[in-house]
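1. Give me the fold of what follows.
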Amino acid sequence: MLSMHLRLADLQEPKWRPEGGRWTSGASWIESANVSTLVMEINDDQSPRVRVRVKECKQEEADFVELTMEPGQAGLATGVFGAAPLYLAEDAGALHASCDLTLLRPHLRADRLVPRAVARTLTRQHRYTARTWPISLLSCT
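-> Numbers count the residues shown, from 1 in each chain. Below is the predicted model:
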């Protein structure tokens with residue numbers, strides 16, 4: 001649903017603008033997956049707080065990913081039940097996110113993998129809890 005490269009330094013004085021299918025601010029960028037059933041909404045009425053919401057084009061409760069950014073912090077919400085697919089990785093002071101895990105490969109390190117989460121994925125015993133990939137595949141230190 002969403003891919004991004006977000007540096008906290010770029011949130012101190014955000015100046016988000018559309019550029020080539022992405023929204024950019026400094027070295028940070030956010031883009032919606034190129035799928036016609038998704039819509040990306042940017043709300044910066046409460047600047048410097050910016051809210052980005054990518055959701056399915058449905059009338060009823062649609063799945064979504066919402067990113068709220070303020071100076072020095074960012075928050076993510078992944079759907080009504082927290083189950084919208086979004087994988088995260090931190091690298092060199094930047095947060096990388098994507099609904100496609102393969103796009104995060106350059107930012108993953110084998111020494112930060114959580115063996116239990118990897119084993120569950122490889123054996124197709126997925127769990128939708130706090131022990132799912134987006135949260136526990138990487139140990140954040």
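2. can you give me the strands for the chain?
-> Listed in chain order, the strands found in the chain under DSSP state E are 2-7, 17-19, 22-25, 28-32, 38-43, 50-56, 64-70, 73-78, 87-91, 94-98.
3. next one: stretch 109-126 to chain centre, how far?
-> In terms of C-alpha atoms, centre = their mean, to the nearest Å, the centre of stretch 109-126 is found 20 Å from the chain centre.
4. Now do the end-to-end distance for stretch 69-84.
-> Here the two ends of stretch 69-84 are set 19 Å apart, with distance taken as C-alpha to C-alpha, to the nearest Å.
5. got the contact list for it?
-> With contacts defined as C-beta atoms under 8 Å, 6 or more residues apart in numbering, stretch 69-84 is touched by 1, 6, 8, 11-14, 48-52, 61, 63-68, 85-86, 88, 95, 97, 99, 128, 134. Bear in mind the C-beta positions are built from the backbone N, C-alpha and C, glycine included.
6. what's the answer for stretch 12-30, then?
-> Under the contact criterion C-beta under 8 Å, 6+ apart, stretch 12-30 has outside partners 2-7, 9-11, 31, 34, 40, 42, 44, 47-48, 50, 52, 67, 69, 71-72, 94.
7. Going through those, which ones are buried?
-> If you count burial by 16 or more other C-beta atoms under 10 Å, the buried members of those come out as 2-7, 10-11, 31, 40, 50, 52, 67, 69, 94.
8. for the strands of the chain, which one sits closest to residue 112?
-> strand 87-91 (8.7 Å; C-beta to C-beta).
9. Since that was my last question, I'll sign off now.
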